[in-house]
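S.K.: any chance you could fold what I've pasted below:
(one chain, ligands or ions: 2)
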Amino acid sequence: MYKGLSRILSCYCSEKIPQYVSPVFTSVLTKRKGHLGYLGYVFKRTKKHDKGGLSTLFTPVPVKPNPDDINVGEEFTGRLKKQDLLKILNKFYQKPEIRSLASENGLDDQLLHQAFLSFRRHCLEHDLPPDIHIIISDILHGAGHVDDLFPYFLRHARLAFPHLDCLDDLKKISDLRTPANWYPQARHLNRKIVFHAGPTNSGKTYHALERFLTAKSGVYCGPLKLLATEIYHKSNSKGTPCDLITGEERRHATQYQTLTENIETDNSTETENYLLSEPELTPSSHVACTVEMTSLNDTYEVAIIDEIQMIGDRGRGWAWTRAVLGLQADEIHLCGEAGAINLIEEICYTTGEEIEVRTYKRLTELKVEDSALGSLDNVRPGDCIVCFNKNDIYSVSRAIEQRGHEVAVIYGSLPPGTKLAQANKFNDPDSSCKVMVATDAIGLGINLSIRRIIFYSLIKPVVNEDGDKEMDIISISQALQIAGRAGRYGSAWETGYVTTYRPEDLATLKTLLSKPPDPVTQAGLHPTAEQMELYAYHLPHASLSSLMDIFVHLCTVDDSLYFMCNTEAFKFLAEMIQHVPLPLRARYVFCCAPINNKLPFVCATFLKMVRQYSRNEPITKNWLSNAVDWPVPSPKTIMDLVHLEAVFDVLELYLWLSYRFPDMFPDVKLVRDMEAELDSIIQQGIFQITRLLRNSEQILKDGQSSEESYGRGKKSMRMGHLQTKGDESKGKLSEMLVAKGLITPQMLKKLQQELSTDNTERGRKKTNTRNRRK
Ligand SMILES: Nc1ncnc2c1ncn2[C@@H]1O[C@H](COP(=O)(O)OP(=O)(O)OP(=O)(O)O)[C@@H](O)[C@H]1O
Ligand SMILES: [Mg+2]
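M.R.: Ligands and ions are numbered 1, 2, ... in the order given. This next block holds a predicted model:
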């Protein structure tokens with residue numbers, strides 16, 4: 001039954017395991033950074049392709065002929081036969097001396113070949129410049145040597161490959177050896193660095209927060225929106241007004257107070273009015289944010305950078321490096337795994353700052369159970385089942401609810417309000433919901449009332465050092481972080497437990513949890529907009545995606561401390577919007593948008609937004625409503641829910657862009673209202689997730705039976721017994737597409753509208769043509 005469901009979901013769920021790879025049990029003892037070097041599953045999703053050398057990144061710029069060159073050479077030396085010209089040019093290219101001269105001038109074999117093709121084409125297709133004409137004429141008459149062509153060839157090669165003239169400048173721009181110098185304001189401060197090191201649930205964040213709460217001003221930078229929200233609530237509830245800033249959201253402390261007051265007095269109309277009017281709000285002196293959003297222009301007394309080991313993350317590490325090096329604060333508190341201490345110490349040598357390390361011990365006991373769960377019949381109150389793909393989340397939560405438990409569900413693509421509501425429902429001691437099913441969206445720093453963590457599987461998609469996606473066993477650090485959610489200090493459970501669902505995974509889990517996390521040896525870096533702008537100035541013909549590639553190839557990084565983060569997501573967006581005319585700075589910002597590039601609906605709407613921007617037409621609420629088919633109905637199936645999550649992503653994208661382009665995305669308040677409405681629609685959907693699953697299955701069954709009757713129909717047709725009306729069979733196809741989850745009912749409606757508009761349009765054109773013919 002769930003096989004069918006996973007088929008429906010597979011087009012939408014980003015985390016699904018690709019069907020074309022099968023688990024390969026490998027006995028190769030590999031020691032790969034960040035992963036367990038022992039027997040394990042390794043599924044390659046894409047074959048690593050040879051990325052080639054720098055030269056493969058350059059395509060020749062078309063060299064335009066000089067209009068003044070017309071026939072002047074011919075007047076001096078007479079007409080040249082193309083045949084003779086071709087012979088001389090080919091002879092020139094075949095000479096080994098030319099190859100070595102070219103190499104001395106920065107042209108390797110690949111560039112030389114491309115430059116020669118361009119040069120030869122140029123010479124044969126256009127009037128020759130007088131100097132080349134004369135040289136060739138001399139060679140033909142025995143008065144010159146083929147090698148004499150080289151300076152003219154090089155002149156052409158430099159026009160075709162402008163980087164040859166500015167390679168040194170490019171290398172200077174992408175010299176990333178001293179990132180500490182990028183932040184002169186922070187370098188003028190004498191910052192005190194405190195590293196709170198220890199295992200999960202040892203009070204690291206708690207102790208750093210104590211300083212934050214008593215300081216005159218502070219910033220908390222965390223890895224997840226949910227965690228930043230936890231700190232925002234903690235700080236405000238303890239009487240330190242604190243704002244919340246994530247990529248899309250700026251919530252002020254005053255809003256927190258008004259909201260809680262109104263909620264307490266149940267004055268919801270007043271709350272709504274308050275939010276609609278949204279007076280000019282003064283920022284609080286404390287702020288909780290996601291690390292990418294950290295402001296380096298503001299100064300603070302205390303800054304907390306949480307989960308500092310994430311500095312080594314292949315995709316997001318740069319944001320931690322930027323915060324560590326660039327934050328302007330008297331005290332910087334870093335919280336995280338001890339494995340990052342050495343690296344931070346080394347980085348601090350480069351800034352000349354001293355570091356104080358405070359170590360902590362786990363506050364409650366964490367026990368690995370001796371047996372696996374084996375069956376969902378054994379689920380108990382306080383259990384949290386952790387899955388690494390959405391299909392598992394759906395099937396596990398359904399199966400648990402069938403056993404009579406109420407379930408809270410948290411996964412990455414849920415709106416923040418829904419996540420929070422689910423977390424609160426589970427944490428509330430008076431709630432009847434005592435079981436949670438979650439992805440590792442709960443895996444870092446979050447405090448939930450979990451007694452036991454059950455790993456449903458130990459395999460997760462990871463992006464490797466080459467930017468390729470692989471299915472691999474979770475790292476030691478991930479296993480420890482997730483397991484560390486059990487038995488949080490101060491929660492209802494004094495001891496935490498951890499186990500697996502499948503008995504065969506238990507030994508692996510025990511091995512993972514018995515080791516210290518791998519040390520973090522390098523911190524991530526990412527090119528800045530300014531660096532890309534300088535590159536574009538030197539190479540105006542290159543696309544942003546190629547500029548990024550060239551940058552990554554040419555950059556010099558001190559690899560004893562740093563690495564270049566992977567830029568695949570950036571390049572994906574750059575290629576998608578390459579054909580849309582945009583100023584470079586705007587293009588760069590669009591390419592930084594946090595988009596799940598596996599969601600076609602989000603990508604398509606993003607592209608529409610970029611086009612609208614490029615036409616200088618503001619992206620209004622009306623425009624957006626049209627693009628997402630607003631208002632949206634409540635979800636009836638899981639497919640609807642998944643689509644609504646994508647719509648939510650689009651609204652988040654709008655808000656993210658509105659902070660970067662306020663004039664072009666003006667309807668922030670209205671879109672926030674849409675978000676709040678959609679958040680609660682999704683919340684309702686999640687509360688009834690079992691019903692949605694049941695409906696999906698029913699539709700699938702109906703789809704199958706209609707497929708069967710479709711098959712029967714075909715047979716009957718062959719037998720000449722069945723007469724079908726054309727539009728009836730059309731109806732069946734669309735129903736089948738909906739049933740198979742290839743399109744949602746909303747998409748179908750829109751498609752029908754578009755088709756009918758197209759038909760009307762075509763009809764009108766036909767009539768016009770007919771009238772013209774008449
Ligand atoms: N000294 C303390 N007094 C009261 N509560 C505490 C104390 N230390 C920690 N706690 C509480 O224990 C829980 C775990 O602490 P905290 O979140 O600081 O752990 P952590 O080491 O940061 O864990 P993680 O690595 O998972 O982020 C929190 O709810 C925190 O408020
Ligand atoms: Mg913490």
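
S.K.: for stretch 412-425, buried residues please.
M.R.: Buried positions in stretch 412-425, judged by neighbour count with 16 or more other Cβ atoms under 10 Å: 412-423, 425. Every C-beta, even on glycine, is put in place using the N, C-alpha and C of the backbone.

S.K.: what of stretch 604-624?
M.R.: 605-610, 612-614, 619-621, 623-624.

S.K.: quick check: pLDDT value at residue 280.
M.R.: On the pLDDT scale, residue 280 is placed at 50.

S.K.: please identify the helix or strand for residue 193.
M.R.: Counting by DSSP states H and E, the element that carries residue 193 is strand 192-197.

S.K.: ok, now which ones touch the residue in the stretch 51-200 of the chain that ligand 1 sits nearest to?
M.R.: Here the stretch 51-200 of the chain gets closest to ligand 1 at one residue, residue 200, 3.7 Å apart by Cβ to the nearest ligand atom. By Cβ atoms under 8 Å, 6 or more residues apart in numbering, the contact set of residue 200 is 362, 480, 481, 483, 484, 485.

S.K.: what kind of secondary structure is it in?
M.R.: coil (DSSP: H, G, I helix; E, B strand; the rest coil).

S.K.: so how far is ligand 2 from it?
M.R.: 7 Å (Cβ to the ion, to the nearest Å).

S.K.: for residue 234, same thing?
M.R.: Taking Cβ to the ion, one finds residue 234 at 12 Å from ligand 2.

S.K.: up against ligand 1, what does the chain have?
M.R.: Proximity of the chain to ligand 1, by Cβ under 6 Å from any ligand atom, involves residues 198, 200-206, 335, 363, 445, 447, 484, 488-490.

S.K.: so, low pLDDT: which residues of the chain?
M.R.: Under the criterion pLDDT under 70, the flagged ranges of the chain are 1-52, 67-78, 247-250, 254-281, 463-468, 702-774.

S.K.: partner strands of the strand holding residue 193, with direction?
M.R.: strand 328-336 (parallel), strand 355-359 (parallel) (DSSP bridges).

S.K.: roughly how far out does the first one sit from the chain middle?
M.R.: Relative to the mean C-alpha coordinate of its chain, strand 328-336 is positioned 27 Å out (Cα atoms, centre = their mean, to the nearest Å).

S.K.: again with the last one
M.R.: Centroid displacement of strand 355-359 relative to its chain, using Cα atoms, centre = their mean, is 33 Å.

S.K.: can you list contacts of it?
M.R.: 192-198, 207, 338, 341, 344-345, 348.

S.K.: show me which of those are buried.
M.R.: 193, 194, 195, 196, 197, 198, 207, 338, 341, 344, 348.

S.K.: which one of those is nearest residue 697?
M.R.: For the buried ones among the contacts of strand 355-359, the closest approach to residue 697 (Cβ to Cβ) belongs to residue 198, at 46.1 Å.

S.K.: who's in contact with the spatially closest residue to the closest one that is not a sequence neighbour?
M.R.: Excluding its sequence neighbours, the residue lying closest to residue 198 (Cβ to Cβ, 6 or more residues apart in numbering) is residue 360, at 3.3 Å. Residues counted as contacts of residue 360 (Cβ under 8 Å, 6+ apart) are 196, 197, 198, 199, 202, 203, 204, 207.

S.K.: what's the answer for residue 481, then?
M.R.: 200, 440, 443, 444.

S.K.: assess the claim that residue 220 and residue 304 are in contact.
M.R.: Yes. Here residue 220 reaches residue 304: they are 4.7 Å apart, a contact under Cβ atoms under 8 Å.

S.K.: so what sits against both of the two?
M.R.: Common neighbours of residue 220 and residue 304 (Cβ under 8 Å, 6+ apart) are 209, 212.

S.K.: give me phi/psi at the residue of the stretch 51-200 of the chain closest to ligand 1?
M.R.: For residue 200, the backbone dihedrals are phi -60, psi 150 (criterion: degrees, to the nearest 10).

S.K.: can you say which of the strands paired with strand 192-197 is packed in most?
M.R.: strand 328-336 (a mean of 24; mean count of other Cβ atoms under 10 Å).

S.K.: might one say that residue 522 is in contact with residue 562?
M.R.: Yes. Look at residue 522 against residue 562 with Cβ under 8 Å: they come within range, at 5.7 Å.

S.K.: which residue packs closest to the residue in the stretch 451-600 of the chain positioned nearest to ligand 2, ignoring adjacent ones?
M.R.: Going by Cβ to the ion, ligand 2 is nearest to residue 484 of the stretch 451-600 of the chain, at 9.2 Å. Spatial nearest neighbour of residue 484, excluding adjacent residues (Cβ to Cβ, 6+ apart): residue 200 at 2.5 Å.
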